[in-house]
Each structure stands twice: as C-alpha cells, then as structure tokens.
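>>> what follows is a predicted protein model with its sequence.
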Amino acid sequence: MLVIIICRPQETGFFCGQGDYDSYYGRFFLHWYAQFLINHAIIILSLATLAFEEIQIVVKIPSVYWWYKSTSHAAELTAGYYNPAAGLRLSSDGNQEALADPKGLTWQVLNTAWDKGLTLAGQNSLLYYDKELETAKPINDPDHHHFAFFTFQPPLPLVERTICFSELDHFILCMHGENVVTEM
C-alpha cells in the first residue's frame, strides 16, 4: 500500500522555521545539490553547442515561485535554485497561496540577468499583454532594458474567442518602442 503524505514546507523538519535548510549541513547539501545541477546543465549546453555550431542556443528557465515569500524558499531550493533570502515576511492572513509571488521572482531574475549583461527573452503565460509589457520592456528605464524577443503562446482552443486583438496589437507596437496612446 502506497501512502502519500502532502505537507507544506514549513511542516517539515528541513524547511520549517529555524529548520535544517539553514544549518551547516543544510547549506552544504543545498550548495552541493545546486552545483550538481549547474554542472549537469554545463555539460548538456556544451554538447548542444558542439552539435549546433554557429547557432545561438536559448535556455528556458522555469519560474518556481510557489513559496517565494516564505523564509526558506522551499520550492526554489528543491528545484536547485540555491537562493534562500532570510528575513522575508510571511503572510499574516494565514493564506498559504499568498506566499506565491510570480511577479517578485520575475523581477529578481530580470534584474540579476540584466546586471550580468545577459540577453533575455520572454513568453506570455496569460492573455493580459499589457501586464506583461512592463517586464518585457520596462517603462522609464534609464538603461533601456528589454527582451531580445518574445514568444507569443496562443490561448487554448476553448478560450480562443477571448483574444482581444487590439490589446495584442498594442502590446506588439509597444514592444517595438512605438509610443502608443490609448483612448479612455
């Protein structure tokens, strides 16, 4: 008989407040685990570079934001992203879903990549293009950061009729740097 126990990270010994993840052993393990995954990625990307000479390779990094506002960052750590940030406040309303912060993680990744001089691309996840425009091409950014390209992911066939092509057109024009005035 297989028994599956589902618990929140803070309910485990490793990721609870003052948990093992922040001990000497925990930090050693998490660093080793992250480095193991990084080494694996280096090998795979090196082989891909050899196989596809003269072709620019794009790496897609998934967003792991489920417990981003928790102290341990358990989802990130178990995905190999060794970036715990101590001192983050937990949600006071007890709603565990409030600990997810996709926008916070997105901005952390974008700013870190831009600081390192990396070329970035993006992909939509929702049908709201105007909300994704700020990350694709930040407004009033003195450094003029932007995505090198953007992949449009069409909606599911069941919701296909919900596409507002004027919003998509506005998004594309803004991505090309055209100053589009919207009517209210």
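Perfect, I can see it now.
>>> pLDDT-wise, which helix or strand of the chain ranks last?
Every helix and strand of the chain was ranked by mean pLDDT, DSSP states H and E. The lowest is helix 129-136, at a mean of 58.
>>> now the strands for this structure?
Using DSSP state E, the strands of the chain run over residues 121-123, 149-151.
>>> using a markdown table, lay out the ones you listed together with mean pLDDT and mean neighbour count.
No exception for glycine: its C-beta is placed from N, CA and C like everyone else's. Formatted as a markdown table, these follow (pLDDT from 0 to 100; neighbours: other CB atoms under 10 Å):
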| stretch | mean pLDDT | mean neighbour count |
| --- | --- | --- |
| strand 121-123 | 79 | 15 |
| strand 149-151 | 77 | 15 |
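>>> turn those strands into JSON lines, columns for distance to residue 100.
Output for these, formatted as JSON lines (distance: least, CB to CB, whole Å):
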{"stretch": "strand 121-123", "distance to residue 100": "19"}
{"stretch": "strand 149-151", "distance to residue 100": "23"}
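>>> and those strands: which comes nearest residue 40?
Closest of these to residue 40 is strand 121-123, at 22.2 Å (criterion: CB to CB).
>>> which helices and strands sit right next to the closest one?
helix 129-136, strand 149-151 (3 or more CB pairs under 8 Å, 6 or more residues apart in numbering; DSSP states H and E).
>>> partners of it in the sheet?
With DSSP bridges as the test, strand 121-123 is paired with strand 149-151 (parallel).
>>> can you pull out the helices in the chain?
For the chain, the helices defined by DSSP state H occupy 24-51, 74-78, 102-115, 129-136, 165-175.
>>> closest one to residue 121 among those?
Residue 121 sits nearest to helix 129-136 of all those, at 9.3 Å, using CB to CB.
>>> number of nearby residues for residue 40?
Residue 40 is flanked by 11 other residues according to other CB atoms under 10 Å.
>>> flag every buried residue along stretch 40-56.
Going by neighbour count (16 or more other CB atoms under 10 Å), nothing in stretch 40-56 comes out as buried.
>>> which of the residues in stretch 59-67 are buried?
Buried-residue list, stretch 59-67, by 16+ other CB under 10 Å: 64-67.
>>> which one of these is nearest residue 14?
Residue 14 lies nearest to residue 67 out of the buried residues of stretch 59-67, by CB to CB, at 12.8 Å.
>>> quick one, what contacts that closest one?
Neighbouring residues of residue 67 by CB atoms under 8 Å, 6 or more residues apart in numbering: 9, 73-76, 99-100.
>>> quick one: residues in contact with stretch 22-36.
Residues contacting stretch 22-36 (CB under 8 Å, 6+ apart): 14, 19-21, 72, 77, 80-82, 84, 86.
>>> which pair in those spans the largest distance?
Most distant of the contacts of stretch 22-36, by CB to CB, are 80 and 86, 19.1 Å apart.
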